[in-house]
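> sequence-free structure coming up:
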């Protein structure tokens, strides 16, 4: 399958400041950032992967994979599981719109961001938990960030 980045970006902009009623909002109970980024990739054409603990899927708030809504689990899935969506760590100069950023506080990865736009060497993201639409990456405070290119 080919990742439709434009559909994923449209979705990110459509729901960055709101909630899609088809998905539960985890904002008050641990954060919604990875749930939102997963939704963006799903909107970009990736099929859900129903595979017990190693899958990537959402049926309802009580029946979903850890990788659908958990930052560390999602990162691990993208980098290590053979079924799409897959990603690879790249440098800042290799990322594209529709890719993912993970923020690290020096101890762990704690936040997932969706790259919605790259313009004039500035990276803009859409995110949940603290809703953001085309927010500059430079406005976030973090110890380090990791760029994940989504393979097509």
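Cool, got the structure. The model shown is predicted, which means the values in this text are computed figures rather than measured ones.

> so residue 19 sits in a helix?
No: counting by DSSP: H, G, I helix; E, B strand; the rest coil, residue 19 is not part of a helix but coil.

> now it, what are its backbone angles?
phi -120, psi 140 (degrees, to the nearest 10).

> ranges for the strands of this protein?
58-60, 63-64, 87-90, 100-104, 109-119, 122-127, 132-136, 144-150 (DSSP state E).

> wait, which of the ones you listed is closest to residue 40?
With CB to CB, the closest approach to residue 40 among the strands of the chain belongs to strand 109-119: 4.9 Å. (Glycine included, C-beta is placed from N, CA and C.)

> returning to that earlier point: could the strands of the chain go into CSV alongside mean pLDDT?
Compiled in CSV, the strands of the chain are given as follows (pLDDT from 0 to 100):
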stretch, mean pLDDT
strand 58-60, 95
strand 63-64, 92
strand 87-90, 97
strand 100-104, 98
strand 109-119, 98
strand 122-127, 98
strand 132-136, 98
strand 144-150, 97
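
> quick one, which of those strands gets closest to residue 32.
Here strand 122-127 is closest among these (CB to CB), at 8.9 Å.

> tell me the strands beside the closest one, with direction?
strand 109-119 (antiparallel), strand 132-136 (antiparallel) (DSSP bridges).

> what sits up against the last one?
Where contact means CB atoms under 8 Å, 6 or more residues apart in numbering, the residues beyond strand 132-136 that reach it are 13, 16, 17, 113, 116, 117, 122, 123, 124, 125, 126, 127.

> run the last query once more with 10 Å
With CB atoms under 10 Å, 6 or more residues apart in numbering as the test, strand 132-136 has contacts from 12-18, 33, 113-114, 116-117, 119, 122-127, 139-140.
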